[in-house]
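Undergrad: build the 3D model from these lines:
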Amino acid sequence: MGSLNDIILKGDVRRRVIDDAVRLVDDEVRSKGGLTGLALKAGYATFKAVKPGIMPVAVDKLLDEFSAAMDPFYQDWLAAGAKGSIGKVMLPRRAEVAEALLAITDERARGFESGIVKKTYKKLRPTALRHTEEAVPGVCRLIDRYIA
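TA: Numbering: from 1, shown residues only. Alright, predicted model coming up:
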């Protein structure tokens, strides 16, 4: 069946994946409560305010790396028979999934030119693993849409 990249990075599918991923991030941020949620919402708003329309551009720039990071989980799903949701493989390994995604954003954050974006990322990074793990079910649903 090939790689996850073969499925989600081509043409119009890529644009739909980007749109779905932006909605996923927006929904995840919106769902956060408490003081941590307030900080996350403020940081996200700051990130988006630095350059309006940044999220689709940022997702597009990260999508190839994110897809490559998710491909081993996809390959494990294929090896397990490709039945049902990819969540069967990813949910029990949500910390591993989160670390794979955060390794990419951590590397990118080192190269941020904007001081405010870099500072905001550094401030929010300590809670990022938990928030990313909480987003794994949404990531699974997103991938499921395209591998079904």
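
Undergrad: buried set for the helix or strand of the chain with the lowest mean pLDDT?
TA: For the chain, scoring each helix and strand by mean pLDDT, DSSP states H and E identifies helix 34-50 as the least confident one, at a mean of 85. Of the residues in helix 34-50, those scored as buried under the neighbour-count criterion (16 or more other Cβ atoms under 10 Å) are 40, 43-44, 46-47. Backbone N, C-alpha and C define where each C-beta goes, glycine included.

Undergrad: can I get the residues you listed in JSON lines with distance to Ala82?
TA: Converted to JSON lines, the buried residues of helix 34-50 look like this (distance: Cβ to Cβ, whole Å):
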{"residue": "Leu40", "distance to Ala82": "35"}
{"residue": "Gly43", "distance to Ala82": "37"}
{"residue": "Tyr44", "distance to Ala82": "35"}
{"residue": "Thr46", "distance to Ala82": "41"}
{"residue": "Phe47", "distance to Ala82": "36"}
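
Undergrad: which single one of those is nearest to Asn5?
TA: Within the set of these, Phe47 lies nearest Asn5; the separation is 26.2 Å, counting by Cβ to Cβ.

Undergrad: touching, the closest one and Ile54? I think so.
TA: Yes - with contacts counted by Cβ atoms under 8 Å, Phe47 reaches Ile54, the gap being 6.7 Å.

Undergrad: where does pLDDT dip in the chain?
TA: Low-confidence segments of the chain, defined by pLDDT under 70, span residues 1, 112-114, 117.

Undergrad: mind checking the longest helix of it?
TA: Longest helix in the chain by number of residues, with DSSP state H as the criterion: helix 115-147.

Undergrad: hey, what's the angle from that helix to helix 34-50? Just curious.
TA: What separates the directions of helix 115-147 and helix 34-50 is an angle of 100 degrees, with axes from the mean of the first three to the mean of the last three Cα atoms, to 10 degrees.

Undergrad: give me the next element, helix or strand, following the least confident helix or strand of the chain.
TA: On the C-terminal side of helix 34-50, the nearest following helix or strand under DSSP states H and E is helix 54-79.
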